[in-house]
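In: Fold the stuff below for me.
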Amino acid sequence: MTSENLSRVVLISGAGRGIGLAIANELAEHGYRLSLGARNVGTLEAEFGPESERFHYARFDAYDPATSEAWVAAAVAKFGRIDALVNNAGLGERVSLMDDNDEALDRLWAVNVKAPLRMTRLCMPHLEATGAGRIINVASMSGKRVRNAFVGYNMTKFAVMGLTHTTRHVAWEEGVRATAICPSFVRTEMSSYTNKVTPDQMIQPETLASLVRTAIELPNNAAMAEMLVNCRLEDML
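Out: Predicted structure coming up:
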């Protein structure tokens, strides 16, 4: 824990379970002040206790833009600043190439792409004000290559990569650094459908959380645009 970390404020979406919960625990252990977003605020209170000087909770629903606006405003009102945004909330609904399911596609775009873009826009003025703001987008190896038929998920994760690199380009001169974390299978509910690797062979959420903290803590002159994280051997293009 450092005095610098004690002053930093990080917003994490989807913080009530899985990767988001692991990231919140990792950053809490290292002294960060956290504003956590989840659909059910009660899950946050159950994990971290009542709100305090270091913890702020907000209802975040990726389908409801008003919850994003209210969350960012409340976080700034409480802490006076935003140093980092972790766009973690995601949807893994499986829509294959020949599936005629526009409603599912709309849900995937709303959660995986439009919500992080919205959060990026809302947080950007506050991140720029610090001179060293950070945006971490939890993407996927499915945003770098395709190894399945799930066209909806794959398209949206490729879009997250586009969002990340556009953010890097636009905000670089203001000191904001954006990083896409691209894991393969992570031991969470979203990966429970596969039998390609066992749960023990998957990336552990706590390991991914430590990489997120690394991306936040790297200096402006050593930014990582992408972190590709494998749990099995595969070619990287």
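In: where does this protein have low pLDDT?
Out: By pLDDT under 70, the low-scoring segments of the chain are 1-6, 237.
In: and the longest helix for it?
Out: Among all segments of the chain classified by DSSP state H, the helix with the greatest residue count is helix 151-171.
In: Buried residues, it. List them.
Out: Residues 151-161, 163-164, 167-168, 171 are the ones in helix 151-171 that count as buried (16 or more other Cβ atoms under 10 Å). In this view, the C-beta of every residue, glycine as well, is placed from N, C-alpha and C.
In: Stretch 100-113 too?
Out: Under the neighbour-count rule (16+ other Cβ under 10 Å), stretch 100-113 has 105, 107-113 buried.
In: And stretch 82-98, by the same measure?
Out: Those buried within stretch 82-98 under the rule 16+ other Cβ under 10 Å are 82-93, 95.
In: Closest one of the residues you listed to residue 35?
Out: Proximity of these to residue 35, judged by Cβ to Cβ, is greatest for residue 82, which lies at 7.8 Å.
In: hang on, the earlier thing: turn the buried residues of stretch 82-98 into CSV, columns for secondary structure.
Out: Converted to CSV, the buried residues of stretch 82-98 look like this (DSSP: H, G, I helix; E, B strand; the rest coil):
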residue, secondary structure
82, coil
83, coil
84, strand
85, strand
86, strand
87, strand
88, coil
89, coil
90, coil
91, coil
92, coil
93, coil
95, coil
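In: Between all of the residues you listed, which two are separated the most?
Out: Of all the pairs that the buried residues of stretch 82-98 form, the one spanning the most space (Cβ to Cβ) is 83 and 95, at 35.7 Å.
In: picking that back up, can you name every helix or strand that the longest helix of the chain contacts?
Out: Counting by 3 or more Cβ pairs under 8 Å, 6 or more residues apart in numbering; DSSP states H and E, the packing neighbours recorded for helix 151-171 are helix 102-109, helix 115-130, strand 134-138, strand 177-183.
In: Switch these over to a markdown table; also include distance to residue 190.
Out: Supplementary listing: these in a markdown table, determined by distance: least, Cβ to Cβ, whole Å:
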| stretch | distance to residue 190 |
| --- | --- |
| helix 102-109 | 13 |
| helix 115-130 | 16 |
| strand 134-138 | 11 |
| strand 177-183 | 11 |
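In: and of these, who's closest to residue 26?
Out: Distances from residue 26 to each of these were compared by Cβ to Cβ, and the smallest falls on strand 134-138, at 11.9 Å.
In: what's in contact with the closest one?
Out: The set of residues external to strand 134-138 that reach it, using Cβ atoms under 8 Å, 6 or more residues apart in numbering, is 19, 83-88, 90, 116, 120, 123, 127, 160, 163-164, 167, 171, 176-181, 183, 208, 212, 215-216.
In: same question, stretch 160-176
Out: 87, 112-113, 116-117, 120, 124, 127-128, 130-135, 137, 139-140, 143-144, 177-180, 182, 220, 223, 225-226.
In: Just the buried ones out of these, please.
Out: Buried positions within the contacts of stretch 160-176, assessed by neighbour count (16+ other Cβ under 10 Å), are 87, 112-113, 116-117, 120, 124, 127, 130, 132-135, 137, 139-140, 143-144, 177-180, 182, 226.
In: now for the host helix or strand of residue 72, which elements pack on it?
Out: Using DSSP states H and E, the element containing residue 72 is helix 65-79. Packed against helix 65-79, as judged by 3+ Cβ pairs under 8 Å, 6+ apart, are the following elements: strand 9-13, strand 33-38, strand 55-59, helix 115-130.
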